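Engineer: From the sequence below, what's the structure:
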Amino acid sequence: MSSGFTRLPQELVDSIVDHLHDDDAALKQCARVCRGWLPASRVHLFSRIHLEINHSVNARCTRLLAALERTPDIALHVHELHIADLGAPHGPVTMVALPALLAKTCHLRRVDLAAKTPGVPGTRSTPRCGMRSRSSLGSSPRSPTHTPHLRGLALRDIEFMGSNPEDEEEEEQQLGYYTPPRPRPEFVTLDFVDCNNLDHWPNGPMDMSQIREFRLGHSDALGGDKLLHACGRSLERFHLKPGSGDTESLKPAPISLRHCSNLRSLRLTLEDYPDILGWVVDMISSIAVSSTLEHVAIEFFIDPKKLTQWAAIDAVLARFDSLKQVAIGVFAQHTQPEYLRVQDDMEGLRERGVLRVYELARRNQNHKMCSGLTPMISSFEEC
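Structural biologist: Alright, predicted model coming up:
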């Protein structure tokens, strides 16, 4: 009997490996079978990279960079990068190696950087993840947005810090007169993002004209308004959590949706500000009546006794014939006068059968309606 190895057709090998796409242990074994099995295994092993934020994350990034330099073909298979804080007891981390890693993995389609923060609206810790990049965030290949194939970008509890002048000079010499192509993401989440020039993003690192879902929380409101203007007709779903202002006397900065004529879903998570209902009315009034608005969800983490302008919200929402559901969350039990007032004052929407009022204090509804800002890349999250 022959002891030689029988070579399987490459099409069959690829089919076997593809069947194991979600089994990392099996894929690692396949990669060790022979050279013919290695390329197909790498496609799945490196398609999604997950790193935990801790004080060794830069070392792990450095090891991954070394592997990419030894075998550049691996970078072609890296399509998703997830870096998350799993709750280890450590302080803020500066990810100095991350920009270099992003520059190597230029075929990324999704970047998700999420440091862990308390799950209570309006609260945050000191930024747990800092990333060094050029202050312009525009021309540097080490920028987190220097990924021309980028489809989804999610940043949470991230602080951008300027790099030193020597790094900038080196990058300019490497670029020369080359202008890297700008990514055109469809899904963007910015939650607790500290960036001095967020309002410059549309003219710098990203082409915002293709964004379909945008979620902005506790970040630069002025920059967010300019990003919305850049999104324009492409935006279909918008979730806003203004967070706390500089002082308790300040309400969120005005946000206009007049350029988002194809908006289908609007979700607001709001805290206690003076005349917050008036602010909501102004925002909704900026949406064109001819838009295709279908779903509106507003969560009021506010003493319900302070909320009295429900009729104004009812009137401004009643303009949209396309509405299918309006969900209002309040901190009141369904038997309390404040809860009943919402239903009574929003008579127009109630008679149309599109109004749903719910109690924010109930855990099961909090879990469903008050989830975080992480985008659903494969499918939109219904309000």
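Engineer: Distance check, residue 112 against residue 299.
Structural biologist: Remark: distance between residue 112 and residue 299 (Cβ to Cβ, to the nearest Å) = 24 Å. Every C-beta, even on glycine, is put in place using the N, C-alpha and C of the backbone.
Engineer: Now the terminal residues of stretch 210-225, how far apart.
Structural biologist: Length of stretch 210-225, first residue to last, Cα to Cα, to the nearest Å: 16 Å.
Engineer: So which of residue 112 and residue 299 has more stuff around it?
Structural biologist: residue 299 (23 against 19; other Cβ atoms under 10 Å).
Engineer: So what pairs up with the more buried one in the strands?
Structural biologist: When bridges are called by DSSP bridges, residue 299 pairs up with residue 269, residue 329.
Engineer: Show me where this structure has its helices.
Structural biologist: 10-19, 24-31, 38-45, 57-70, 98-104, 165-175, 221-231, 276-285, 310-317, 337-345, 347-352, 363-369 (DSSP state H).
Engineer: ok, and which of those has the densest surroundings?
Structural biologist: helix 98-104 (a mean of 22; mean count of other Cβ atoms under 10 Å).
Engineer: Mind giving me the packing neighbours of that one?
Structural biologist: Counting contacts by 3 or more Cβ pairs under 8 Å, 6 or more residues apart in numbering; DSSP states H and E, helix 98-104 is packed against helix 57-70, strand 80-84, strand 129-133.
Engineer: How are the strands of the stretch 101-250 of the chain distributed by residue range?
Structural biologist: Ranges of strands in the stretch 101-250 of the chain, per DSSP state E, counting those that start in this stretch, are 110-114, 129-133, 152-162, 187-194, 213-217, 237-241.
Engineer: would you list those strands in TSV and tack on mean pLDDT and distance to residue 65?
Structural biologist: Below are the strands of the stretch 101-250 of the chain laid out as TSV (pLDDT from 0 to 100; distance: least, Cβ to Cβ, whole Å):
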stretch	mean pLDDT	distance to residue 65
strand 110-114	84	16
strand 129-133	44	15
strand 152-162	76	20
strand 187-194	84	25
strand 213-217	90	30
strand 237-241	92	34
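Engineer: I'd like those as JSON lines, with distance to residue 80 appended.
Structural biologist: JSON lines is the format used below for the strands of the stretch 101-250 of the chain (distance: least, Cβ to Cβ, whole Å):
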{"stretch": "strand 110-114", "distance to residue 80": "4"}
{"stretch": "strand 129-133", "distance to residue 80": "18"}
{"stretch": "strand 152-162", "distance to residue 80": "8"}
{"stretch": "strand 187-194", "distance to residue 80": "12"}
{"stretch": "strand 213-217", "distance to residue 80": "17"}
{"stretch": "strand 237-241", "distance to residue 80": "21"}
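Engineer: closest to residue 343 out of those?
Structural biologist: strand 237-241 (24.4 Å; Cβ to Cβ).
Engineer: OK, contacts around residue 42?
Structural biologist: Neighbour list for residue 42: 31, 73, 74, 77 [criterion: Cβ atoms under 8 Å, 6 or more residues apart in numbering].
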